[in-house]
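Peer 1: with the sequence up front, the predicted model follows.
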Amino acid sequence: MRHGLQNSLLLDPWKIALIIIGLVLLVAGLIWLIHRRTVASDGLTPSERKNLSFQEKEILSMVRQHGGPMRQDWLVDELPGDSEDLAEVILEIENKGLIKREWQSDVGTYMVSTLSQSVVKE
């Protein structure tokens, strides 16, 4: 004779399926949270936030948020500091492979655009 307790301890196939779906949703949620923390709204990766100077972070973030090529003179006008110092910082970011600059003779300035979000060269 079977008792009701034994039947409740056994897992039906639909219960197993629900458990598997729950675990898949949990893993997907964790992956989404990790990705969301990796690239914040400033467009910088955790590695870039850790390894770049304050000015480098500001410049790279501005160019990425602009969404396309940006005139270097506009970039320098928006940031506090000496224009020569900022131009050197922009050159340093270019040497690290995070941005590229192209001279535009028709506007008399460089056009600054971002490359892919890569790991900072140390």
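Peer 2: It's in.

Peer 1: who touches the closest residue to residue 86 other than its chain neighbours in this structure?
Peer 2: Excluding the flanking residues, the one nearest residue 86 by CB to CB, 6 or more residues apart in numbering is residue 76, at 4.9 Å. (Glycine included, C-beta is placed from N, CA and C.) Contacts for residue 76 were tallied using CB atoms under 8 Å, 6 or more residues apart in numbering; they are 83, 86, 87, 90.

Peer 1: and the last one, how many neighbours?
Peer 2: When you say that, I think you mean residue 90. Neighbour count for residue 90, taken as other CB atoms under 10 Å: 23.

Peer 1: cool, the second one as well?
Peer 2: Counted with other CB under 10 Å, the burial measure for residue 86 works out to 20 neighbours.

Peer 1: averaged pLDDT, the helix or strand harbouring residue 17. What do you get?
Peer 2: Assessed by DSSP states H and E, residue 17 sits inside helix 13-38. Here helix 13-38 scores 86 as its mean pLDDT.

Peer 1: ok, stretch 110-119 next?
Peer 2: Averaging pLDDT along stretch 110-119 gives 72.

Peer 1: okay, strands next: where are they in this structure?
Peer 2: Ranges of strands in the chain, per DSSP state E, are 70-71, 99-104, 109-114.
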